[in-house]
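Peer 1: Any chance you can model this:
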Amino acid sequence: MKYIYIILSYIFISNAITAQHKGTMVIDNLFTLTKTDLNSENTEFGAVLTNDNLVYFTRTNNNLKAEDKNESDLDIYQAKLNSDNSITDIKTLDGINTKWHDGPSTVTTDGNTMYFASESFNVKKGFEKEKTPAKIYKKGKIYLFKASKTDNKWSNITPLPFNQINYSVRNPSISEDGKTLYFSSNMPGGFGGEDIWKVSISQNSYGKPENLGATINSNNDESFPFITSKNVLYFSSNKEAGFGGLDVYKVDFNKAHKIINVGAPINSEKDDFSFTLNDTKKTGFLSSNREGSDDIYIINEICRLYANITVSDKETGVLITDAQLNLTENTSAPKNISSLEEVTRIKLECEQQYGLFASKVGYENNSHVIEKSVDGGELNINIKLQLIAKPIITETEVILNPIYFVFDTSYITNESAAELDKLVTVMKENPSMNIFVKSHTDNYGSASYNLILSNKRANSTVNYITSKGIAVDRINGKGFGKSEPKNSCKKCTLEQNSINRRSEFIIATK
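Peer 2: Have a look, this model is predicted:
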C-alpha cells in the first residue's frame, strides 16, 4: 500500500506543461508521437483511423497530369493499423481516385460513407479556362464529394451541392453521428484566408454552410478540421499565436469555447496539420514537414487524471482547510510515494484505484474511492466530515458509541478510533478523571478464548488512549470475556450478540 500524506492547499501538480504563448493557452505533452510505416519517398498526409483499424491517407504518386508536368497527383490510399502500431496492406483506394488530386478524406462511423476532396475538373462546369500567350489552361478548384461502400467497393460518387467554381472546399471531417460535416474553405463570408465551416446533413440533404466564427477563425488560415466523438474540434492555423508555420489547436464544444494550442511534441516550428484522433482507441495521426517533406506520425493520447479535492463540514458546508488527507494506492511493491504539503489539486495515474481518507480532530473520519479511469479528465471531490457528537458522561461512566474491532482480532477500526478520540478529549478536559476499560465479547466461542480476546481488546483500547497523550496511570483495562452479558440469551440473535459485544468506560475517579 502506497501512502501519500497531504495537507490541503492550492499547488498544481502535473507532468503536463501549461503556459501562455502570445496570449494563447498552450498545453504540452498531451500525446506521444512516432513516425509511421505509411511514409515513403513521396509526400503523405491526412491519415484517419476507423474503428475497424483501417487507415485512409493521401499520398503523391508518380503519374503526372497532362496539364501540368510540374506537379504530382494526390491519391487516397488504404492501409491496416496493427496492434503494435505497425502498418500493413497499403494500397490505392479503387473506385475513388481520379487522374486529378484526390484527398484527404473522412469516413462515417459505420465505415460505409466517405467524404473526400478532389479537383473539380471531372465535374461539368467545374473549371474555368485561363488563356496565356502560350496555352489555354483549365483553372479548377477543390470540391467535396461523397462516396458509398457496398460489398467492400466504393462507388456512387456525387459532388456536394455547395461546391462552387469561385472558391474551394476541402479537408472534410464528419461527426460521429454523421449529421455534421466540418471542412475548410475560402468561400465568401469568412474572416480572411481559409476558414473552418460546418454544414448539417439530413439523409441526402445538406443545410447552408456555417462559419465557425471569430473564436476559431482569424484573418489568417484555419484549415484541416477534425471533430472527435467527444465533440472536440482540432484544426490547424498559421495565426501569430503559434510556434511557426501551421500549428494544431483544439476547442472543446462541451465547455467554454476556449482555444488551446496542443503544444509539443505535436507542434513544431514547421507545418503541423491533419491532426486526427480515434477516441475509442486513443490513437490518431499527425502530418508534419518538420523533417523536410510532409510525413505522417502516429499519436497516442496520454491519459491524464486530476483530482480537485475539498473537505467540508457535513452540516454547514463550510470548507475545512486544515483537514488531514491521506491518499492510498494499491501496488505490488509498497513504498512511500512522497510527502506533499498544501495540496488541493493532484495528478493521478489513470490505471490505478485510489482511496482518499480525510480526518480532523473533532470530526468523524470519512473516505472516498477514486476508481480507475479510461478517459481521464478532471474529478471534483468533496469529502464531508461529520462533527463528532460529545459523549454522555454520567456519575459512573463515559458512554460512547459501540467500539468495533476487526472480526476475531483486537485491531481497532477507523470508525472506533474516532469514538475513542472523544474519550481522549473528555479526559484532557477533566485532568483528574481516571478510566477503567471493561471489554466484553459475545457468546460465540469458548469462555477461555473469549477471555483472552477481550483482554487483548482492552489492552488495545488502553494503548490507543495513551498514544494520544493520556498518562498511563490514568487508564487501565481488563477483559471479561462473555462472563457479564447484557443479554443472557441462550440462542442469541445477531442483534443480541452485538449488544453483548461492547466496551465500557468506567469512571474510577473524577
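Peer 1: CA only for contacts and neighbour counts going forward, please
Peer 2: OK.
Peer 1: Tell me, how many residues neighbour residue 361?
Peer 2: Using other C-alpha atoms under 10 Å, residue 361 has 14 other residues around it.
Peer 1: tell me the pLDDT at it?
Peer 2: For residue 361, the model assigns a pLDDT of 78.
Peer 1: and it, that's in a strand?
Peer 2: No: looking at residue 361 with DSSP: H, G, I helix; E, B strand; the rest coil, it is coil, so not inside a strand.
Peer 1: any idea how far it lies from residue 386?
Peer 2: Relative to residue 386, residue 361 is positioned 11 Å away (C-alpha to C-alpha, to the nearest Å).
Peer 1: Please, where are all the helices along the protein?
Peer 2: For the chain, the helices defined by DSSP state H occupy 414-429, 447-467, 494-500.
Peer 1: so residue 381 makes contact with residue 307?
Peer 2: Yes: between residue 381 and residue 307 a contact is recorded at 6.8 Å, counting by C-alpha atoms under 8 Å.
Peer 1: Quick one: residues contacting residue 376.
Peer 2: Neighbour list for residue 376: 303-306, 350 [criterion: C-alpha atoms under 8 Å, 6 or more residues apart in numbering].
Peer 1: what's the nearest residue to it if we skip its chain neighbours?
Peer 2: What sits nearest to residue 376 in space, not counting adjacent residues and going by C-alpha to C-alpha, 6 or more residues apart in numbering, is residue 305, at 4.4 Å.
Peer 1: That neighbour - how many residues pack around it?
Peer 2: Neighbour count for residue 305, taken as other C-alpha under 10 Å: 20.
Peer 1: Surely it and residue 352 touch.
Peer 2: No: using C-alpha under 8 Å as the test, residue 305 is too far from residue 352 to be in contact (10.3 Å).
Peer 1: Now do the same contact list for the spatially closest residue to residue 103 that is not a sequence neighbour.
Peer 2: Excluding its sequence neighbours, the residue lying closest to residue 103 (C-alpha to C-alpha, 6+ apart) is residue 117, at 4.8 Å. For residue 117, the contact set (C-alpha under 8 Å, 6+ apart) comprises 102-105, 142-145, 169-172.
Peer 1: cool, residue 248 as well?
Peer 2: For residue 248, the contact set (C-alpha under 8 Å, 6+ apart) comprises 234-237, 261-263, 266-267, 272-273, 275.
Peer 1: Low-confidence regions, this structure specifically.
Peer 2: Flagging of the chain using pLDDT under 70 yields the residue ranges 1-25, 28, 62-72, 122-139, 330-343.
Peer 1: Can you tell me which residue is spatially central in it?
Peer 2: Closest to where the C-alpha atoms of the chain average out (C-alpha atoms, centre = their mean) is residue 376, at 1.7 Å.
Peer 1: what separates that one from residue 82, distance-wise?
Peer 2: 24 Å.
Peer 1: And for residue 207?
Peer 2: From residue 207 across to residue 82, the span is 38 Å (C-alpha to C-alpha).
Peer 1: swap in residue 218?
Peer 2: Here residue 218 is placed at a distance of 39 Å from residue 82 (C-alpha to C-alpha).
Peer 1: swap in residue 353?
Peer 2: 30 Å.
Peer 1: before we move on, the earlier item: where do the contact lists of residue 305 and residue 352 overlap?
Peer 2: With contacts taken as C-alpha under 8 Å, 6+ apart, residue 305 and residue 352 have residue 373 as neighbours in common.
Peer 1: Would you confirm that residue 253 contacts residue 234?
Peer 2: No: counting by C-alpha under 8 Å, residue 253 sits too far from residue 234 to count as a contact (10.7 Å).
Peer 1: What about residue 433, how many residues nearby?
Peer 2: The number of residues packed near residue 433 is 15, by other C-alpha under 10 Å.
Peer 1: For it, give me its contacts.
Peer 2: Taking C-alpha under 8 Å, 6+ apart as the test, what residue 433 contacts is 427, 474, 507-510.
Peer 1: farthest pair in those?
Peer 2: 427 and 508 (12.0 Å; C-alpha to C-alpha).
Peer 1: if you count what's nearby, which of those two comes out ahead?
Peer 2: Shown here are residue 427 and residue 508; by other C-alpha under 10 Å, residue 427 has more neighbours (22 against 15).
Peer 1: So the more buried one versus residue 393, what's the distance?
Peer 2: From residue 427 to residue 393 the distance is 11 Å (C-alpha to C-alpha).
Peer 1: So for residue 218 and residue 82, which residue has more residues nearby?
Peer 2: residue 218 (19 against 11).
Peer 1: contacting residues for that one?
Peer 2: Taking C-alpha under 8 Å, 6+ apart, we find residue 218 in contact with 191-192, 195, 239.
Peer 1: re the thing from before, I'd like the contacts of residue 248 laid out as TSV, including distance to residue 60 and neighbour count.
Peer 2: Listed next are the contacts of residue 248 as TSV, based on distance: C-alpha to C-alpha, whole Å; neighbours: other C-alpha atoms under 10 Å:
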residue	distance to residue 60	neighbour count
234	24	25
235	22	26
236	21	26
237	23	28
261	29	28
262	28	21
263	28	25
266	23	25
267	23	25
272	18	26
273	17	29
275	19	31
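Peer 1: Could you list which of those belong to strands?
Peer 2: Of the contacts of residue 248, the ones assigned to strands by DSSP state E are 234-237, 261, 272-273, 275.
Peer 1: returning to that earlier point: reformat the helices of the chain as a markdown table; add distance to residue 41.
Peer 2: Shown next, in a markdown table, are these (distance: least, C-alpha to C-alpha, whole Å):
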| stretch | distance to residue 41 |
| --- | --- |
| helix 414-429 | 66 |
| helix 447-467 | 74 |
| helix 494-500 | 79 |
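Peer 1: correct me, but residue 354 touches residue 369?
Peer 2: Yes: if you go by C-alpha under 8 Å, residue 354 and residue 369 touch, sitting 5.9 Å apart.
Peer 1: Pick out whichever of the two has more residues nearby.
Peer 2: Comparing residue 354 with residue 369 by other C-alpha under 10 Å, the one with more neighbours is residue 354, at 19 against 13.
Peer 1: Okay, residue 171 and residue 493: tell me how far apart.
Peer 2: Note on residue 171: its distance to residue 493, by C-alpha to C-alpha, is 74 Å.
Peer 1: Mind checking which of the two has more residues around it?
Peer 2: Neighbour tally, residue 171 and residue 493, criterion other C-alpha under 10 Å: the higher count belongs to residue 171, 26 against 10.
Peer 1: Contacts only, for the more buried one.
Peer 2: Residues in contact with residue 171, defined by C-alpha under 8 Å, 6+ apart, are 103-105, 116-117, 183-184, 223-225.
Peer 1: What about these, which are in strands?
Peer 2: With DSSP E as the criterion, strands contain 103-105, 116-117, 183-184, 223-225 from among the contacts of residue 171.
Peer 1: Now render these as TSV, adding distance to residue 322.
Peer 2: Output for those, formatted as TSV (distance: C-alpha to C-alpha, whole Å):
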residue	distance to residue 322
103	59
104	56
105	56
116	59
117	60
183	52
184	53
223	50
224	49
225	47
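Peer 1: List just the nearest of those residues to residue 448.
Peer 2: Among those, residue 225 lies closest to residue 448 (C-alpha to C-alpha), at 77.7 Å.
Peer 1: Tell me, how many residues neighbour residue 311?
Peer 2: 25.
Peer 1: what separates the residue nearest to it when sequence neighbours are not counted from residue 377, distance-wise?
Peer 2: Nearest-residue entry for residue 311: residue 383, 4.7 Å, with adjacent residues in sequence omitted and distances by C-alpha to C-alpha, 6+ apart. Distance, residue 383 to residue 377, using C-alpha to C-alpha: 19 Å.
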